[in-house]
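Q: sequence plus the predicted model coming up.
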Amino acid sequence: MKLSLARDVTLTDINSGAVLLDGRRGRYWQLNASGCAVLRRLLDGEGPDAVVAGMAAAAPVDAERVRKDIQALIGSLSAAELVEVDR
């Protein structure tokens, strides 16, 4: 799976995570630090399984819970047309 930002979408880091700005619609989404870390790793080309393993190892969270959260994040960002998923 390859993830990329949709056209006219920018990602900007802020103190508490990141903001995605959709220049087409003039709307923005805010991500917390964990969501930002996941998105950045996926955008850098890491696969979801590698991100799950890294996040689960870094925090006392069940890997299956991390997997579901990452799938939900990808689904939400995709549904909002902020990212493009190439499977």
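A: It's in.

Q: hmm, who's touching the helix or strand bottoming out on mean pLDDT in the chain?
A: Here the helix or strand of the chain ranked lowest by mean pLDDT, DSSP states H and E is helix 48-58, holding a mean of 91. Defining contact as CB atoms under 8 Å, 6 or more residues apart in numbering, one finds that helix 48-58 is touched by 1, 34, 37-38, 41-42, 46, 61-63, 66-67, 70-71, 74. To be clear about C-beta, it is placed using only N, CA and C from the backbone, and glycine gets the same treatment.

Q: how about a cut-off of 10 Å?
A: For helix 48-58, the surrounding residues in contact (CB atoms under 10 Å, 6 or more residues apart in numbering) are 1, 3, 34, 37-42, 44, 46-47, 61-71, 74.

Q: so which of those are in strands?
A: residue 3 (DSSP state E).

Q: what's the PyMOL syntax to select whichever of the contacts of helix 48-58 are buried?
A: The PyMOL selection below is limited to those of those classed as buried (16 or more other CB atoms under 10 Å):
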select buried, resi 3+34+37+38+39+41+42+46+66+67+69+70+74
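
Q: can you mark which positions in stretch 16-35 are buried?
A: In stretch 16-35, counting by 16+ other CB under 10 Å, buried: 18, 20-22, 29, 31, 34-35.

Q: the longest helix belonging to the chain: what's the following helix or strand?
A: Identified as the longest helix of the chain according to DSSP state H is helix 63-79. Downstream of helix 63-79, the first helix or strand assigned by DSSP states H and E is strand 83-86.

Q: I'd like the average pLDDT over that following strand.
A: Mean per-residue pLDDT for strand 83-86: 94.

Q: name the nearest residue to the residue nearest the centre of the chain, ignoring sequence neighbours.
A: A centroid search over the chain (CA atoms, centre = their mean) returns residue 39, at 2.7 Å, as the residue closest to the centre. Among residues not flanking residue 39 along the chain, residue 31 sits closest, at 6.4 Å (CB to CB, 6 or more residues apart in numbering).

Q: list the contacts of the one you found.
A: 11, 13-14, 16-20, 37-40, 73, 77.

Q: send over stretch 67-77 as PDB, restricted to the C-alpha atoms.
A: This file holds the C-alpha atoms of stretch 67-77, laid out as PDB (Å, rounded to 0.1, in the frame of the first residue of the first chain):
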ATOM      1  CA  ARG A  67      -3.900  -1.800  13.600                       C
ATOM      2  CA  LYS A  68      -7.600  -0.900  14.000                       C
ATOM      3  CA  ASP A  69      -6.700   2.700  14.900                       C
ATOM      4  CA  ILE A  70      -4.400   3.000  11.900                       C
ATOM      5  CA  GLN A  71      -7.000   1.500   9.500                       C
ATOM      6  CA  ALA A  72      -9.600   4.000  10.900                       C
ATOM      7  CA  LEU A  73      -7.200   6.900  10.400                       C
ATOM      8  CA  ILE A  74      -6.500   5.900   6.800                       C
ATOM      9  CA  GLY A  75     -10.200   5.400   6.200                       C
ATOM     10  CA  SER A  76     -11.200   8.800   7.600                       C
ATOM     11  CA  LEU A  77      -8.500  10.700   5.700                       C
END
